[in-house]
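Enquirer: 3D model of this:
(one chain, ligands or ions: 2)
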Amino acid sequence: MAKVTVVGAGNVGATCANVLAAREICSELVLLDIKEGFAEGKILDIFQTATLMDFDTKITGVTNDYSATANSDVVVITSGIPRKPGMTREELIGTNAGIVKSVATECLKYSPKAIILIVSNPMDTMTYLALKATGLPKNQLFGMGGALDTARFKCYLSKALEVNSNEVEGMVIGGHGDTTMIPLVSKATYKGIPVCECASAEVLEKVVADTMVGGATLTKLLGTSAWYAPGAAAAYVVESIVRDQKKVVASCVYLEGEYGQNDICIGVPTVIGKGGAEKVLNLNLTENEKELFAKSAAAVRATNDVLKEIGVL
Ligand SMILES: NC(=O)C1=CN([C@@H]2O[C@H](COP(=O)(O)OP(=O)(O)OC[C@H]3O[C@@H](n4cnc5c(N)ncnc54)[C@H](O)[C@@H]3O)[C@@H](O)[C@H]2O)C=CC1
Ligand SMILES: O=C([O-])CC(=O)C(=O)O
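Expert: Ligands and ions are numbered 1, 2, ... in the order given. Sure thing, here's the model as predicted:
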């Protein structure tokens, strides 16, 4: 069974840790935070649910002690600040870039073989930065955004169609940003029936718009960004890795020619297994989707350029 480290014991990290422990996705879990006693406290609280929820994953919380994370099979990086209402994810780059770079480097010292999953925002750019800073192969380090955006897309679709969300199929590719994500309506189905046969174009346009601002909507409601679905989405990706499930998850991976893009990390359908991001699937996009993907990549690239301007790359 696997050892998983989650860095950042805040809303998303602690939720991810809770799902991993309660569902016994790994045998050993370490939660690490820089804030004194914070991860220890979150883990003690989670541990006190063990007899209530019937799990026995070995869980440990530590303050900045990377030696406790040694030999992890998977590391999830959620450290960094979240946005506040009215902000974009891209505005977090100045604070989060330094944090993500140093955390990824530190984790790797103790777990050189770990698959590293980046969650901190702006996630596409943080993934690119961590990949370049560590020099890891592209299968070993990738980002989580599409799993969450896809879950939201399915929720909004199921509400619009008034059907069970588990009976809906769909995927969101592109950047994990309010204007960069691309919910693929053309590929979405309800029990094999294309959704465009189930709802009007107007209804589906609203589903797309709601999905794209899914994170911003929650940030406005909560005063900080969401955590239940983000934490569960990260745990979903970890499960596909540690159980070698080979699920196809829209994931932020480094592209070398796929979808017409090079030298960028952005969301594309990816087979996730024990080798990490094992294979990118080539979807037959419509002309409009191809155009949207190129625009999305241009926007992500512009944010990546800021890494050089602020001197972290
Ligand atoms: N990729 C995605 O789909 C999503 C990404 N996010 C992002 O995840 C990040 C975390 O969000 P929340 O958990 O809500 O924030 P939070 O503020 O609740 O937690 C962040 C934690 O990181 C810790 N931290 C900061 N610097 C650290 C360091 N150098 N080492 C270890 N720990 C450190 C803080 O002490 C804090 O406990 C944000 O950047 C947010 O935008 C959030 C939701 C979805
Ligand atoms: O909205 C945010 O800033 C956090 C996030 O990435 C999400 O919930 O999708």
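Enquirer: what about Asn284, helix or strand, and which?
Expert: Asn284 belongs to no helix or strand when assigned by DSSP states H and E.
Enquirer: Repeat that for Gly13.
Expert: Per DSSP H and E: helix 11-22 holds Gly13.
Enquirer: Could you tell me how far Asp149 is located from Val242?
Expert: Asp149 sits 23 Å away from Val242, going by CB to CB, to the nearest Å. Placement of C-beta: from N, CA and C, glycine included.
Enquirer: Counting neighbours around each, name which of these two comes out higher.
Expert: Higher neighbour count among Asp149 and Val242: Asp149, with 29 against 20, using other CB atoms under 10 Å.
Enquirer: mean confidence score for stretch 183-190?
Expert: The pLDDT scores in stretch 183-190 average 98.
Enquirer: what sits up against that stretch?
Expert: The set of residues external to stretch 183-190 that reach it, using CB atoms under 8 Å, 6 or more residues apart in numbering, is 149, 153, 157, 161, 163, 167-173, 194-196, 198, 204, 207-208, 211-212, 283, 285-286, 289.
Enquirer: out of the residues you listed, which are inside helices?
Expert: Counting by DSSP state H, those place Asp149, Phe153, Leu157, Leu161, Leu204, Val207, Val208, Thr211, Met212, Glu289 in helices.
Enquirer: State the pair within those residues that is farthest apart.
Expert: For those, the farthest-apart pair by CB to CB is Leu161 and Glu289; their separation is 20.9 Å.
Enquirer: Please confirm that Val76 is located within a strand.
Expert: Yes - looking at Val76 with DSSP: H, G, I helix; E, B strand; the rest coil, it is inside a strand.
Enquirer: Now do the contacts for it.
Expert: So Val76 contacts Val4, Thr5, Val6, Val7, Gly13, Cys16, Leu117, Val119, Met144, Ala234, Val238 (CB under 8 Å, 6+ apart).
Enquirer: What is the neighbour count of the first one?
Expert: The local packing count at Val4 equals 31, with neighbours defined by other CB under 10 Å.
Enquirer: Can you show me the helices along the stretch 51-200 of the chain?
Expert: Secondary structure of the stretch 51-200 of the chain (DSSP state H, counting those that start in this stretch): helices located at 93-110, 123-134, 146-161.
Enquirer: I'd like to know which of those is closest to Val75.
Expert: helix 93-110 (4.7 Å).
Enquirer: Mind listing residues that contact the closest one?
Expert: Applying CB under 8 Å, 6+ apart, the contact partners of helix 93-110 are 5, 7, 66-67, 69-72, 75, 77, 79-81, 114, 116, 118, 120-122, 125-126, 129-130, 133-134, 136, 141, 303, 306-307, 310, 312.
Enquirer: In this structure, what residue lies closest to ligand 1?
Expert: Nearest residue of the chain to ligand 1, counting by CB to the nearest ligand atom: Gly10, 1.7 Å away.
Enquirer: Now that residue: closest residue in space that isn't a chain neighbour?
Expert: Thr78 (6.8 Å; CB to CB, 6 or more residues apart in numbering).
Enquirer: Leu141 versus that neighbour, what's the distance?
Expert: Taking CB to CB as the measure, Thr78 falls 15 Å from Leu141.
Enquirer: What of Arg89?
Expert: 19 Å.
Enquirer: Which one's more surrounded, these two?
Expert: Between Arg89 and Leu141, Leu141 has the larger neighbour count (other CB under 10 Å), namely 30 against 27.
Enquirer: ok, now which ones touch the one residue in the chain that gets nearest to ligand 2?
Expert: Nearest residue of the chain to ligand 2 (CB to the nearest ligand atom) works out as Gly215 at 2.4 Å. By CB under 8 Å, 6+ apart, the contact set of Gly215 is Arg89, Asp178, Ser225, Ala226.
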